[in-house]
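predicted structure and sequence below. I'll ask about it afterward.
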Amino acid sequence: EVQLVESGGGLVQAGGSLRLSCAASGFTFDDYAIGWFRQAPGKEREGVSCIRSSDGSTYYADGVKGRFTISSDHAKNTVYLQMNSLKPEDTAVYYCHFEGPGPEYDYWGQGTQVTVSS
């Protein structure tokens, strides 16, 4: 079973930066996607960014384009989300998500809190 371990959340002032990490283990797929979702209080969970292992293609939500950068270290099976120019509206619990080659390979991390103060 795939396991995801997240780290890097915290409290930062507006305009600051944080880097989230998601270390994945327990799989042998060559083609998968790892990404980040976030959920703010009272709001639905939304996709933030993801990266595909096969070709390195990336996706960013409109609200984070130009501020967030996703990258991966295949040797460590770890994905990073560099978040710059953070805004108070980025405050949320950020969840790492793993998507394998079929719908049965869908896993979530435990979540990490990101709080941006104004």
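Now that the structure is in, tell me what you want to look at.

neighbours of the closest residue to residue 27 other than its chain neighbours, how many?
Excluding its sequence neighbours, the residue lying closest to residue 27 (Cβ to Cβ, 6 or more residues apart in numbering) is residue 2, at 4.9 Å. Using the backbone N, CA and C atoms, a C-beta is placed for each residue, glycine as well. Per other Cβ atoms under 10 Å, the neighbour tally for residue 2 reads 18.

contact partners for residue 2?
Residue 2 makes contacts with 24-27, 98, 100, 105, 107, as judged by Cβ atoms under 8 Å, 6 or more residues apart in numbering.

would you check that residue 94 makes contact with residue 20?
Yes. The criterion here is Cβ atoms under 8 Å, and residue 94 meets it with residue 20 at 5.9 Å.

return the distance of stretch 34-42 from the chain's centre.
Taking Cα atoms, centre = their mean, to the nearest Å, one finds the center of stretch 34-42 at 8 Å from the center of the full chain.

what's the answer for stretch 70-87, then?
In terms of Cα atoms, centre = their mean, the centre of stretch 70-87 is found 7 Å from the chain centre.

returning to what we had before: by neighbours, which of the contacts of residue 2 wins?
Busiest of the contacts of residue 2 [other Cβ under 10 Å] is residue 98, holding 24 neighbours.

tell me what that one is bridged to.
residue 34, residue 107 (DSSP bridges).

and for residue 46?
Bridge pairing for residue 46 - DSSP bridges - gives residue 38.

grab the most central residue of the protein for me.
The centre of the chain sits closest to residue 36, judged by Cα atoms, centre = their mean, with a distance of 2.6 Å.

what about stretch 84-101, average pLDDT?
Averaging pLDDT along stretch 84-101 gives 97.

then stretch 29-42?
If you average the pLDDT over stretch 29-42, you get 94.

of all the residues in that stretch, which ones are buried?
32-38 (16 or more other Cβ atoms under 10 Å).
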